[in-house]
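>>> I'd like to go over a predicted model; first the sequence, then the structure.
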Amino acid sequence: MEFDREGEFDKVMEEIFPVSIPSNFVKSISVKLANGQQVILKGDELINPLPVNNDFSWDKLVSQFDSIEDIQVFVDMPAIRENVVMNVRNILSQHFEDMKKRKNKANKKPE
């Protein structure tokens, strides 16, 4: 993207450790089992998982299954970047529009 020629967005994102990631930004989840098998969840499997208790968390899942060796979450960085750029542009656009309106209002002379 034109705004990020030096890859600064990716550098910033590498420093972020999210507590949660919206499912629309998750490409897939890879679960490596102790026996060497690998399970990859993606698409509809991520959006409509099997029913679980309301207090479900990945930490509880991992602690309950000794057969899980590793879990990797693959994030769609281009989608996050696009979403951030769109939201920043909208916020800044609104901010500058508000500033223009205030400036024009202040410059108008009462008749």
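Yep, that arrived. Numbering: from 1, shown residues only.
>>> quick one, strands of this protein?
Chain-ordered strands for the chain, with DSSP state E as the definition, fall at 26-33, 38-42, 68-75.
>>> please look at Lys32 and Ile40 and confirm they touch.
No - the pair Lys32 and Ile40 does not pass the contact test of Cβ atoms under 8 Å, sitting 9.9 Å apart. C-beta: built from backbone N, CA, C; applies to glycine.
>>> out of the strands of the chain, which is closest to Glu8?
strand 68-75 (17.6 Å; Cβ to Cβ).
>>> mean confidence score for the closest one?
Averaged across strand 68-75, the pLDDT comes to 87.
>>> mind saving the C-alpha coords of that strand as CSV?
Extracted as CSV, the C-alpha positions of strand 68-75 are listed here (Å, rounded to 0.1, in the frame of the first residue of the first chain):
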residue,chain,number,x,y,z
ILE,A,68,-2.4,-31.1,22.1
GLU,A,69,1.2,-30.2,21.5
ASP,A,70,0.7,-26.8,19.8
ILE,A,71,-1.9,-24.4,18.5
GLN,A,72,-1.2,-21.8,15.8
VAL,A,73,-3.5,-19.1,14.8
PHE,A,74,-2.9,-17.7,11.2
VAL,A,75,-4.1,-14.2,10.9
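>>> compute the inter-axis angle for it and strand 26-33.
Interaxial angle, strand 68-75 versus strand 26-33 (axes from the mean of the first three to the mean of the last three Cα atoms, to 10 degrees): 170 degrees.
>>> helix or strand with the lowest mean pLDDT in the protein?
The weakest-scoring helix or strand in the chain, judged by mean pLDDT, DSSP states H and E, is helix 58-64 (a mean of 65).
>>> so which of the strands of the chain comes closest to Asp10?
Nearest of these to Asp10, taken as Cβ to Cβ: strand 68-75 at 11.4 Å.
>>> direction included, what does the closest one pair up with?
Note on strand 68-75: by DSSP bridges, its sheet partners are strand 26-33 (antiparallel).
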